[in-house]
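Peer 1: structure, please.
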Amino acid sequence: QLQLVESGGGLVQPGGSLRLSCAASGLTSDYYAIGWFRQAPGKEREGVSCLSAVDGTTSYADSVKGRFTISRGNAKKTVYLQMNSLKPEDTAVYYCAAAVLRCPRGMPSTGFGSWGQGTQVTVSS
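Peer 2: Numbers count the residues shown, from 1 in each chain. Now for the predicted structure:
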């Protein structure tokens with residue numbers, strides 16, 4: 001079974017940066033697309049970014065385009081989310097999740113199977 005563990009969250013001032021990590025372990029972890037989601041208090045979970053396992057295609061929510069970058073580590077067992085120019089509205093619990101091979105169109109949370117436990121990101125002065 002694929003297991004995912006997020007890390008890298010924390011408190012940062014507006015305009016600052018954080019890099020989240022999603023470490024994957026288990027059978028055939030190289031064949032999974034990895035998506036990042038976030039959920040703020042009182043709001044629905046939303047897809048932030050996704051990285052396909054097939055061709056490395058990436059996708060981003062409009063709210064983070066140009067500020068966030070998703071990438072895979074050299075060992076392909078870790079996927080990163082580099083978050084720059086952070087805003088207070090980026091405050092949320094961030095989760096990574098896996099889908100087989102490709103990112104589901106529109107990144108519905110139901111299209112992803114294994115989920116990590118989440119890491120808190122707080123953007124505040």
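
Peer 1: the residue most central in space within the chain bridge partners, please.
Peer 2: In the chain, the residue lying closest to the centroid (C-alpha atoms, centre = their mean) is residue 36, at 2.2 Å. Per DSSP bridges, the residues bridged to residue 36 are residue 49, residue 96.

Peer 1: wait, isn't it in contact with residue 80?
Peer 2: No - between residue 36 and residue 80 there is no contact under C-beta atoms under 8 Å: 9.5 Å. In this view, the C-beta of every residue, glycine as well, is placed from N, C-alpha and C.

Peer 1: common neighbours of these two, please.
Peer 2: Listed as contacting both residue 36 and residue 80 by C-beta atoms under 8 Å, 6 or more residues apart in numbering are 20, 22, 70.

Peer 1: can you pick the most crowded of these?
Peer 2: For these, the largest number of neighbours (other C-beta atoms under 10 Å) sits with residue 22, at 28 neighbours.

Peer 1: so the nearest residue to residue 59 once chain neighbours are set aside versus residue 98, what's the distance?
Peer 2: Leaving aside its sequence neighbours, residue 59 sits nearest to residue 50 (C-beta to C-beta, 6 or more residues apart in numbering; 4.9 Å). Separation of residue 50 from residue 98 (C-beta to C-beta, to the nearest Å): 10 Å.
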